[in-house]
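Enquirer: Sequence and computational prediction follow.
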Amino acid sequence: MGQISLALGWWLMKNCDPKTRVLNCGRYHIQITEELVHDVFGLLRGKVEIKEVERAKADFHDVIVEWRSQFENAPTRLKHVQFKTHMQAQNARGRIFVLNFLLLTNTLLGETTHNSSINMRFLPALRQWIKIKSFNWCEYMIRCLDRTVDEWLPKDCFLGPMPLLVVCSEYLQTFVCI
């Protein structure tokens with residue numbers, strides 16, 4: 001699976017123009033927009049921008065402290081596979097469940113990290129008094145795409161929203177290339 005992911009990621013990056021956000025599939029091109037992200041994943045398009053932090057440290061952001069409180073011994077880095085196992089074993093409800101779900105979903109669909117730990121860059125934006133549905137998750141996914149395409153080097157794995165690009169290329173082949 002790793003070689004397929006590397007080859008697919010390389011092909012997608014070679015055919016994605018970071019300036020125009022156009023995925024080039026030969027005769028057909030698809031513009032990656034907030035509307036497309038919404039259509040593909042059904043993500044919410046609220047009015048509030050998701051503000052990120054470069055490094056989400058537990059002693060600096062109250063939401064990180066709140067999220068880490070679910071662990072007896074909060075690990076400094078939590079790999080997404082470990083986190084998925086943790087989520088399956090616990091009975092989290094309410095806000096902790098929502099935060100966990102958003103962390104795992106964003107890591108798998110939006111942007112992973114170089115060390116495969118969960119991506120917590122957006123977590124501090126999720127203050128208690130702000131409703132999750134008020135955030136523009138589609139714009140955030142586009143921002144993840146822009147950042148990861150700009151940072152991608154051909155020798156590295158693509159860490160951005162590969163599921164979005166794969167679905168878009170499949171859409172072209174299935175619906176446009178009939």
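Expert: Cool, the structure landed. Numbering: from 1, shown residues only.

Enquirer: quick one: the strands in the protein?
Expert: Remark: strands assigned in the chain by DSSP state E are 16-17, 22-25, 28-31.

Enquirer: Tell me which of these approaches residue 77 most closely.
Expert: strand 16-17 (28.9 Å; CB to CB). (Each C-beta comes from the backbone N, C-alpha and C, glycine too.)

Enquirer: for residue 130, what are its contacts?
Expert: residue 48 (CB atoms under 8 Å, 6 or more residues apart in numbering).

Enquirer: Look up how far residue 63 lies from it.
Expert: Residue 130 is 10 Å from residue 63, where distance means CB to CB, to the nearest Å.

Enquirer: same thing with residue 103?
Expert: The spacing between residue 103 and residue 63, counted by CB to CB, is 11 Å.

Enquirer: Now the common contact residues for those two.
Expert: residue 123.

Enquirer: just for the protein, where's the confidence low?
Expert: Filtered on pLDDT under 70, the chain yields the residue ranges 1-5, 55-60, 171-178.

Enquirer: For the lengthiest helix in the chain, give me every contacting residue.
Expert: Identified as the longest helix of the chain according to DSSP state H is helix 137-151. Helix 137-151 has contacts (CB under 8 Å, 6+ apart) with 13, 16, 18, 21, 32-35, 37-38, 41, 43-46, 49-50, 52, 109-111, 122, 158-161, 164-165.

Enquirer: Which parts of this protein are helices?
Expert: 2-14, 34-41, 62-68, 80-89, 94-105, 137-151, 162-171.

Enquirer: Mind checking the ones you listed for the one nearest to residue 27?
Expert: Residue 27 sits nearest to helix 162-171 of all the helices of the chain, at 12.9 Å, using CB to CB.
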